[in-house]
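> Predicted coordinates and the sequence they were generated for:
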Amino acid sequence: MPEWIIVILRSLILILFLFSLIKWLGTKQLAQLNIFETIAGIVLGGIAAVHTMDPETNFFYAILAMFIWFIIPFVIEKLSLKSKRTRDFTEGKATIFIQDGKIMEENLKKEGYSTDELLEKLRDKNIFLASDVEFAVLEPTGTLNVLPKKENRPLTAKDLGLTIAPDKEPQTIIMDGNMMLEPLANASLNPDWLRTELEKQDVALENVFLGQVDDQGQLYLDLYDDHLSVAEPSQSALLLATIKKCQADFEIFALATDNQNSKAVYQTCSKNMNQVQSILEPYLK
């Protein structure tokens, strides 16, 4: 068999084998490697390259060596899940750089960080004064996580005492002009509802590039033709306006009647509608 065919066959086999090993290790290793896993990845690639380009080498040795370099990180990963001591050894520990607003100079030296590098990391977090930081920690991955002092943090709804409706994951129910049945079911909706909503906006399903629905059942569409526009969803605003109108109508009815019993009924209904509005308003805004 010609050597070029052997090289092609070896390449294909080793690519598939290496792909299977990495998939077996899991996606965590693809996004975030510790030192041990980085070394293993380099060696695996080197083994594959050497035994691909040299047809004279024993192909079985390549498979055996790659399996050994795979199984050791795999076993260590499983041990790390059960033992913090193993995790600290293979992945390292987090190092505190700033605590209670004070820079820990010894920890900076330990990790080989200069003052300029610390300030650069802080600027990456949009912090230009070290005195604005309450706590900063260098993670084993090399990421610096920063907690600004309370007076320097953005205001949240909790700080203002506001009640905000919880968010749920939006569902993509149309993609490339095709209806996605599983996300539609996840949103507790059905194809008939979707067809009705598309008819309201005079849009054909095959003309929709992307369609998403939020947790309130509002449909957002992006069409293939960028020159066409679709109306913004307004169900929530319409419902809130209807509730406010009903409450105002009850107030008017109470003022317009001279019958005390009817007046009391209208006032009670107005009060109830006001309570409904206060409960639903955070969810409808």
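Sure, I can see it. Numbering: from 1, shown residues only.

> And the strands in the protein?
When secondary structure is read from DSSP state E, the chain shows strands at 95-99, 102-103, 133-138, 144-148, 171-175, 178-179, 208-213, 219-223.

> got JSON lines for these, with mean neighbour count too?
C-beta coordinates here come from the backbone N, C-alpha and C atoms, glycine included. Compiled in JSON lines, the strands of the chain are given as follows (neighbours: other C-beta atoms under 10 Å):
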{"stretch": "strand 95-99", "mean neighbour count": "18"}
{"stretch": "strand 102-103", "mean neighbour count": "12"}
{"stretch": "strand 133-138", "mean neighbour count": "19"}
{"stretch": "strand 144-148", "mean neighbour count": "16"}
{"stretch": "strand 171-175", "mean neighbour count": "19"}
{"stretch": "strand 178-179", "mean neighbour count": "14"}
{"stretch": "strand 208-213", "mean neighbour count": "20"}
{"stretch": "strand 219-223", "mean neighbour count": "17"}
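
> I'd like to know how many residues surround K110.
When neighbours are counted by other C-beta atoms under 10 Å, K110 registers 11.

> for the strands of the chain, which one sits closest to G45?
strand 133-138 (28.3 Å; C-beta to C-beta).

> got the CA coordinates for that closest one in CSV?
This file holds the C-alpha atoms of strand 133-138, laid out as CSV (Å, rounded to 0.1, in the frame of the first residue of the first chain):
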residue,chain,number,x,y,z
VAL,A,133,-12.8,47.4,45.5
GLU,A,134,-14.0,45.5,48.6
PHE,A,135,-12.7,42.1,47.5
ALA,A,136,-10.8,40.6,44.6
VAL,A,137,-9.7,37.0,44.0
LEU,A,138,-7.6,35.4,41.4
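
> quick one: that strand to strand 144-148, angle?
Compare the direction of strand 133-138 with that of strand 144-148 by axes from the mean of the first three to the mean of the last three C-alpha atoms, to 10 degrees and you get 170 degrees.

> what is the orientation angle of strand 133-138 with strand 95-99?
Using the same axes, to 10 degrees, the direction of strand 133-138 lies 170 degrees away from that of strand 95-99.

> Phi first, then psi, for the spatially most central residue of the chain.
Against the mean C-alpha coordinate of the chain, by C-alpha atoms, centre = their mean, the closest residue is E169 at 9.7 Å. Here the main-chain torsion angles of E169 (degrees, to the nearest 10) amount to phi -70, psi 130.

> any idea how far it lies from A187?
Using C-beta to C-beta, to the nearest Å, one gets 9 Å for the distance from E169 to A187.

> What's the local residue count around C246?
Neighbours of C246 (other C-beta under 10 Å): 16.
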